[in-house]
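> Give me coordinates for this.
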Amino acid sequence: MQSFRSELESIENPIVQQDIIDLADKIQLHKEGKIDDDKFRSLRLARGVYGQRQAGVQMIRIKIPFGRMSSHQMVHIANLSEEYGSGNLHATTRQDIQLHYVSLDRTPELWAKLEQDDITLREACGNTVRNITGSAYAGIDPNEPFDVSPYAYAMFKYLLRSPFCQEMGRKFKISFSSSEDDSALSFIHDLGFIPKVKVIDGKEVRGFKVLLGGGLGAQPSMAEPILEFLEEDRLIPFSESIIRVFDRWGERNRRMKARFKFLLKDLGATEILRLAKEEEKALPHQVLPVDLDDYQQAPIPEAIFPEEVQGDLAKYELWKQVNVKPQKQAGYFSVAVKLQNGDLKAERARLFAAAVKKFAADDIRVTINQGYVLRFVQEENIPALYNALSLLDLAAAGFNTLADITACPGTDSCNLAISNSTHIARVLENVVVNEYPEYVKDESLSIKISGCPNACGQHTIASIGIHGSSLKNRENKKILPALQLLIGGGIGKDGQGYLGEKVIKIPSKRGPEALRMLLNDFETHQQEGEYYFNYYLRQGKDYFFNLLKPLANLSTLIPDDYMDWGYEQDFKVETEVGECAGVIVDLVATLLFEVEEKMISASNTLKGRAFADSIYHSYAALVNLAKAMLITKEVKASNQIKVLQAFDEHFISNGELAINGVSSYEDFVLSINKNEPTEAFAEQFHADAQAVIDQVKAYYQKQEASV
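Prediction:
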């Protein structure tokens, strides 16, 4: 513990220090039985600490804003991965880095060491605004109107620890694409932004096309374009108003219906925008220009390292053709690094970081397909960089092609996973590379694999999508691992997204044969220039079902079919309660404890003159107070608005509870939307909230004493 405290001293930000201390304190309270399992799960998830399938260890998700990190940060993470975990850096589809097999007791110390290099865990998991993703080619994309990186960074900084996005009904995801090509997949995000330039009064003005309400999972949904042009100085205030609407109106009871896409479906875009407009008065900023100077560009190396290509020249030429792209900056090139399953061992990561610093800008971008993109490589240095990458076994061709399969960790570590993802990914990659080498150059097709329907591997938007499942042999009643195949997803040349359709479920060990059948069929019947999703639409679902139907025949099973990829024993389904979105817990004592904590936060932010934050903390305390009291009536409301209305119905309107000066609890609490976040209102609302809390708690204690 002494070592942990000493690590904290090197962190300059007292808010970050306190956040880490709070995690350590919560771990201790949980050990002492003072915080129940479900509530503790919610607390640690919001701090990037995620339970693994293996007992006693955690997955730590490190938040890498829009995937950007320096070589020094990569080395720092690599060193800590060896000290605290398994020594592996796992890149995710949300441009995070995950460490596995970390002891819960050591997580505060690990977090403190990460923060010394400006790396955070905060809001990497749980019911929060997750990592903000962005195009890996932002800033160098020849098709971009402007670099979206400073805007993604500003959004990350603004939302981090903001009170309105800490305990929502579910997670909320934001992306920034660099152009209409939509390489950051705005169409699957709760909020997606695509840069635009518009001429207003003779001047070019930056802004964004806005997409709203996308998402994957078991019930995927495409985002709706709701604004064709949002001025750049409205970007952050508009986003805050939308998130506030989600926090206030989003589902709280039914986890499967608690994503923003369902709220959008229920209320409609027009009503969502109206509610967002209602929030504007309470915002700390009506407009907020993004400080472009706050975003530090990485220095570009000038040294030239003339080298001859080492090894097979044909391999180099293929790698250069597929993995190397010209930037919009003349004379410079980006170099993409393909990683199998997104994994990079710490020793290789350190050597890789050294190569980056030597040959490229010190600006590594984690990609949404679990690789890395390097930037500002001079043409003369491409052979030398290739040689360095080859020595690390990081010069495989086929980045972002059919030979670059995206796969979540699956049953390697995740509680939710049904079957293996990583081993089958390796097997299918070998099929492509060895049997269909022409696809190593084809970026129009993709394979993505998830261990369950929740789509962490983004299988829903793949040409050939796979999620883990199971089948039962009715003859012997035995369970075998299975692959649910989805076909026809992807993204077109115009940035249009397509969702794959479920076609058929087959035994897992028949996955390679299914891939061969699909590729052979496509080669035979494809029309010139036809994308795979267009081919799927032309042929139709029944065509593909009938094509693959022989593989679903369970009468010809062999013993190996009962074993999942990478395992030597018979398969069995071993899923537990998932942690991706946290768990909603409404225990009275826990909620009242949270009321006190939120009022302390309200007081501290008031003293720090963060008036809008103080008001929202007081608001959250009042909502939790009402939720706690409703439990005593066995009433469970589905969102915050209904909580306030139910409290009025069961306590105020019937005269059971008299609160001085409050005739409508809903009106009292929602006065936050009727007032600007001034110092005077923040002070008054905090004082009034505390008075109401005191009266309600006194009533509760009296009721408890009489039982």
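> Give me the neighbour count for Asn415.
Neighbour count of Asn415, defined by other CB atoms under 10 Å: 19. Every C-beta, even on glycine, is put in place using the N, C-alpha and C of the backbone.
> Pull up the gap between it and Arg53, please.
5 Å (CB to CB, to the nearest Å).
> what's the answer for Val309, then?
43 Å.
> how about the closest residue to Glu530 other than its chain neighbours, secondary structure?
Distances taken as CB to CB, 6 or more residues apart in numbering put Arg538 closest to Glu530, at 7.7 Å, once the chain neighbours are dropped. Look at Arg538: counting by DSSP: H, G, I helix; E, B strand; the rest coil, its state is helix.
> my read: Ser149 touches Phe66, true?
Yes - if you go by CB atoms under 8 Å, Ser149 and Phe66 touch, sitting 6.4 Å apart.
> what do the two both touch?
Residues touching both Ser149 and Phe66 (CB atoms under 8 Å, 6 or more residues apart in numbering) are Gly134, Ala138, Phe176.
> what residues are up against the second one?
Going back to what we said before, that points to Ala138. Contact analysis of Ala138 by CB under 8 Å, 6+ apart lists Phe66, Glu144, Asp147, Val148, Ser149, Ala152, Phe176, Ser178.
> In strands, which of the residues you listed appear?
Residues of the contacts of Ala138 located in strands (DSSP state E): Phe176.
> which of the contacts of Ala138 sit farthest apart?
The span of these, defined through CB to CB, is set by Phe66 and Glu144 at 13.7 Å.
> Name the residue in those two with the higher neighbour count.
Neighbour count, other CB under 10 Å: between Phe66 and Glu144, Phe66 has more, with 25 against 21.
> do you know how far that one is from Ala349?
Going from Phe66 to Ala349 by CB to CB gives 20 Å.
> ok, now Ile77?
According to CB to CB, Ile77 stands 7 Å off from Ala349.
> who touches both of those two?
Shared contacts of Ile77 and Ala349, defined by CB under 8 Å, 6+ apart, comprise Leu89.
> Could you check how many residues crowd around Ile272?
By the criterion of other CB under 10 Å, Ile272 has 23 neighbours.
> quick one, what contacts it?
Contacts for Ile272 (CB under 8 Å, 6+ apart) come out as Leu212, Ile226, Ile242, Val245, Leu263, Leu264.
> And Arg259, what's its pLDDT?
pLDDT, Arg259: 94.
> Which secondary structure state is assigned to Leu670?
helix.
> what number of residues lie near the closest residue to it other than its chain neighbours?
Closest residue to Leu670 apart from its sequence neighbours, by CB to CB, 6+ apart: Leu644 at 7.1 Å. When counting by other CB under 10 Å, one arrives at 23 neighbours for Leu644.
> try Glu649
Residues near Glu649, counting by other CB under 10 Å, number 17.
> before we move on, what about Ser614?
27.
> That one and Val322: what is the separation?
Ser614 is 53 Å from Val322, where distance means CB to CB.
> Then Asn546?
Note on Asn546: its distance to Val322, by CB to CB, is 34 Å.
> of these two, who's got more company?
More neighbours surround Val322 than the other of Asn546 and Val322, with 22 against 11 (other CB under 10 Å).
> Test my guess that Leu344 contacts Ser81.
No - with contacts counted by CB under 8 Å, Leu344 stays clear of Ser81, the gap being 9.6 Å.
> Mind listing the shared neighbours of those two?
Among the neighbours of Leu344, those also in contact with Ser81 (CB under 8 Å, 6+ apart) are Asn88, Leu89.
> which residues touch Glu180?
Asn143, Ile194, Asp494, Gly495.
> Generate a ChimeraX selection restricted to the buried subset of these.
To isolate the buried ones among those in ChimeraX, judged by 16 or more other CB atoms under 10 Å, type:
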select :194,495
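> Narrow the contacts of Glu180 to those in strands?
Per DSSP E, strands hold the following members of the contacts of Glu180: Ile194.
> What strand or helix carries Val335?
Taking DSSP states H and E as the criterion, Val335 maps to strand 332-337.
> what's that strand in contact with?
Residues outside strand 332-337 that contact it (CB under 8 Å, 6+ apart): 137, 140, 300, 323-327, 352, 360, 367, 371-379, 382, 385, 389, 394, 399-400.
> Confirm for me that Ala612 is in contact with Leu283.
Yes - if you go by CB under 8 Å, Ala612 and Leu283 touch, sitting 6.8 Å apart.
> mind giving me the domain ranges of this protein?
2-115, 133-294, 313-391, 406-562, 588-706 (automatic domain parsing).
> Could I get the full set of strands for the stretch 51-200 of the chain?
57-62, 68-69, 88-91, 97-103, 133-134, 174-176, 191-200 (DSSP state E, counting those that start in this stretch).
> will you turn the ones you listed into JSON lines that also has mean pLDDT and distance to Pro512?
Listed next are these as JSON lines, based on pLDDT from 0 to 100; distance: least, CB to CB, whole Å:
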{"stretch": "strand 57-62", "mean pLDDT": "95", "distance to Pro512": "29"}
{"stretch": "strand 68-69", "mean pLDDT": "98", "distance to Pro512": "35"}
{"stretch": "strand 88-91", "mean pLDDT": "97", "distance to Pro512": "24"}
{"stretch": "strand 97-103", "mean pLDDT": "97", "distance to Pro512": "27"}
{"stretch": "strand 133-134", "mean pLDDT": "98", "distance to Pro512": "31"}
{"stretch": "strand 174-176", "mean pLDDT": "98", "distance to Pro512": "33"}
{"stretch": "strand 191-200", "mean pLDDT": "96", "distance to Pro512": "35"}
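> Of these, which is nearest Leu121?
For the strands of the stretch 51-200 of the chain, proximity to Leu121 was assessed by CB to CB; strand 57-62 is nearest, at 6.2 Å.
> Now the common contact residues for Ala612 and Leu283.
In contact with both Ala612 and Leu283: Pro677, using CB under 8 Å, 6+ apart.
> circling back to that earlier point, distance to Arg122 for the domains of the chain - can I get that in CSV?
Shown next, in CSV, are these (distance: least, CB to CB, whole Å):
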stretch, distance to Arg122
domain 2-115, 6
domain 133-294, 6
domain 313-391, 18
domain 406-562, 20
domain 588-706, 15
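> Quick check: closest non-adjacent residue to Leu227.
Leaving out its chain neighbours, the residue that sits closest to Leu227 by CB to CB, 6+ apart is Val210, at 4.1 Å.
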